[in-house]
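**Q** A predicted structure for the sequence below; I have some questions about it.
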Amino acid sequence: MAEPTFSLCVYCGSRSGENPLFVQAAQAVGHWIGQSGGQLVYGGGRNGLMGTVADATQAAGGRVVGIIPQALEDTEHARHACDELHIVQTMHERKAMMAERSDAFIALPGGIGTFEEIFEVWTWRQLGYHDKPLGLLNVAGYYDGLLAFLQTSVANDFMGQWQMGLLEIGTDAPALLRALVQGAGTPVVQAPLRTVI
Ligand code: AMP
């Protein structure tokens, strides 16, 4: 397998959610990474959208790096089919390694683990701990309520519009992925073959 052209960190649910569009979006993201000659960096589980995006990446010829804390190896069903599977000691170690190994970050629909992870790299970005692009894929309006609340925070002057601007928001997976990867200064080798959402 050729050296990956970029590494993209995907945060998403350890469940699949109710709407089939969530699974389709995870498939589209994995497919795009694989078709573009990229590498997925993710939490290393087989469950939910996490497993879906990993399966789709490898099915499209991409490389998958999974990073999972030892304590979650059973409950999150560590995915031993990853090209690299790192079993680490702590959640902090997992998140730091995921961040270090990635050129950009994207969150898909998910639960509190997903929220926490994208918010963490967002806060790190605003503080200047890294300068990597980050984005939110708003599938089927899943994040509408959160985005409205974030604007409430801006309106109340607890955050600035410039901070909102650090998080790229999109509804079209290939368009958002391309923007994030190109923003990281890494060329997209191959055009996406399909748009699912
Ligand atoms: P969820 O979105 O809640 O389904 O969780 C998605 C992923 O986030 C899972 O791999 C969780 O292990 C991970 N996760 C859950 N809580 C945290 C946390 N506090 N910090 C980092 N990752 C978490």
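**A** Sure thing, it's come through.
**Q** from here on, just use CA atoms for contacts and neighbour counts.
**A** Noted.
**Q** and for the closest residue to residue 111 other than its chain neighbours, the neighbour number?
**A** Excluding its sequence neighbours, the residue lying closest to residue 111 (Cα to Cα, 6 or more residues apart in numbering) is residue 13, at 5.7 Å. Neighbour count of residue 13, defined by other Cα atoms under 10 Å: 24.
**Q** residue 24 now?
**A** 18.
**Q** now residue 165
**A** 9.
**Q** so the residue nearest to residue 111 touches residue 109, yeah?
**A** Yes: the pair residue 13 / residue 109 is scored as a contact, 6.1 Å apart, by Cα atoms under 8 Å.
**Q** what's the longest strand anywhere in the chain packed up against?
**A** When the chain is parsed with DSSP state E, its longest strand is strand 63-69. Judged by 3 or more Cα pairs under 8 Å, 6 or more residues apart in numbering; DSSP states H and E, strand 63-69 is in contact with strand 39-42, helix 48-59, strand 84-88, helix 91-100.
**Q** can you dump the C-alpha coordinates of that strand into CSV?
**A** C-alpha atoms of strand 63-69 as CSV (Å, rounded to 0.1, in the frame of the first residue of the first chain):
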residue,chain,number,x,y,z
ARG,A,63,-5.5,2.8,5.7
VAL,A,64,-6.9,2.6,9.2
VAL,A,65,-5.3,3.6,12.5
GLY,A,66,-7.3,2.7,15.6
ILE,A,67,-6.4,3.9,19.1
ILE,A,68,-8.3,2.5,22.0
PRO,A,69,-7.7,2.5,25.8
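**Q** that strand vs helix 48-59, what angle?
**A** Calculated by axes from the mean of the first three to the mean of the last three Cα atoms, to 10 degrees, strand 63-69 forms an angle of 150 degrees with helix 48-59.
**Q** the nearest residue to residue 186 once chain neighbours are set aside - how many residues pack around it?
**A** Spatial nearest neighbour of residue 186, chain neighbours left out: residue 6 (6.1 Å); criterion: Cα to Cα, 6+ apart. Counted by other Cα under 10 Å, the residues lying close to residue 6 total 24.
**Q** likewise residue 113?
**A** Count around residue 113 with other Cα under 10 Å applied: 13.
**Q** and it, that's in a strand?
**A** No: read with DSSP: H, G, I helix; E, B strand; the rest coil, residue 113 is helix and lies in no strand.
**Q** can you tell me the closest non-neighbouring residue to it?
**A** That would be residue 13: by Cα to Cα, 6+ apart, it lies 7.5 Å from residue 113.
**Q** how about the helices in the protein?
**A** Counting by DSSP state H, the chain has helices at residues 20-35, 48-59, 91-100, 112-126, 144-155, 161-165, 173-183.
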